[in-house]
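>>> A predicted structure for the sequence below; I have some questions about it.
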Amino acid sequence: MLQNENIYIFLLILPIVSFLYSSVGHGGASGYLALMALFSFAPESMKPTALLLNVFVAGISFYYYYKEGFFNKKLFLAFAVTSIPFSLIGGRFDIDASLYKKILAVLLIFAILKMLNVFGKESDKIKDIKLWQGLIVGAVIGFFSGLIGIGGGIILTPLILLFHWGKMKEAAAVSALFIWVNSASALLGQFSVGITLEKESFLLVAIALIGGVLGGYYGSKKINNQKLRYILAFVLIIACAKLMFT
């Protein structure tokens, strides 16, 4: 996996990606997948590696947001009840590499729109989520996340903001734990069909955690992450274009 001639550039960019994602309560799988695609990693190694990185980075991000008191347990449970089993199911499936890239590119568009605040900033008019809404959203995002190899935060966070189910910091905290449980579940789904992790994956975890710790700390304690979002949106636009047209 680490035989790419530009691997050192990859290793330098990896903690930057994890920092940016962790700062907004995400694990970063969509960014890792895009980065691995840009550096021509083998498609079969991308999904389990991204899920592993997600587990660690989302976990540390959740810790910081939880510590600052932003976690909404009720909102999380509304999604998690169905997302966990459906991400496990999705993780058992494999898809064509070309289709894989196209679906990932479409999902990256959600991340770009979120970073540019297309879905709006936090609102004081918070609405209680209905149980049936949470169950449906959790199931759909869970299955699709397990299928693609992401935690689903790039979809869940915009939805929370769009429907005013929580404020920005609450959305980040809920998404971080949502990503963690979905990624862990999808990773178990991968293991159940015989897919294993390469030993180099844990080196990537150590490097990604550097950015993840700093990002989680910064994001949970700073009020405005707007500049970070614009930078990340720019990175994702480049990655999305590469995935769509190559």
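Sure, I can see it. Quick caveat: nothing in here was measured; it's all calculated off a predicted structure.
>>> quick one: which helix or strand includes residue 76?
helix 73-91 (DSSP states H and E).
>>> how about that helix: buried residues?
For helix 73-91, burial by neighbour count (16 or more other C-beta atoms under 10 Å) applies to 75-76, 78-80, 82-91. Quick note: C-beta positions are derived from backbone N, CA and C, even for glycine.
>>> again with stretch 90-99
In stretch 90-99, counting by 16+ other C-beta under 10 Å, buried: 90, 91, 92.
>>> Please produce CSV containing those residues, extended by pLDDT.
Listed next are the buried residues of stretch 90-99 as CSV, based on pLDDT from 0 to 100:
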residue, pLDDT
90, 85
91, 81
92, 83
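>>> Nearest to residue 216 among these?
Distance to residue 216 across the buried residues of stretch 90-99 (C-beta to C-beta) is lowest for residue 91, with 24.8 Å.
>>> do you know how far that closest one is from residue 241?
28 Å (C-beta to C-beta, to the nearest Å).
>>> How about residue 40?
In terms of C-beta to C-beta, residue 40 sits 16 Å off from residue 241.
>>> same question, residue 145
Taken as C-beta to C-beta, the span from residue 145 to residue 241 is 23 Å.
>>> who has more neighbours, those two?
Under the criterion of other C-beta atoms under 10 Å, the comparison of residue 145 against residue 241 puts residue 145 first, with 31 against 12.
>>> I'd guessed the more buried one sits against residue 184; true?
No. Using C-beta atoms under 8 Å, residue 145 makes no contact with residue 184, being 11.5 Å away.
>>> okay, and the helix or strand of the chain with the least pLDDT?
Lowest by mean pLDDT, DSSP states H and E among the helices and strands of the chain is helix 226-245, with a mean of 69.
>>> Could you pull out the helices in the chain for me?
Counting by DSSP state H, one finds helices in the chain at the ranges 7-23, 29-38, 43-67, 73-91, 97-115, 131-148, 153-162, 168-192, 201-221, 226-245.
>>> Just send those back as TSV, with distance to residue 125 too.
Putting the helices of the chain into TSV (distance: least, C-beta to C-beta, whole Å) gives the following:
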stretch	distance to residue 125
helix 7-23	26
helix 29-38	29
helix 43-67	22
helix 73-91	15
helix 97-115	19
helix 131-148	17
helix 153-162	12
helix 168-192	14
helix 201-221	24
helix 226-245	21
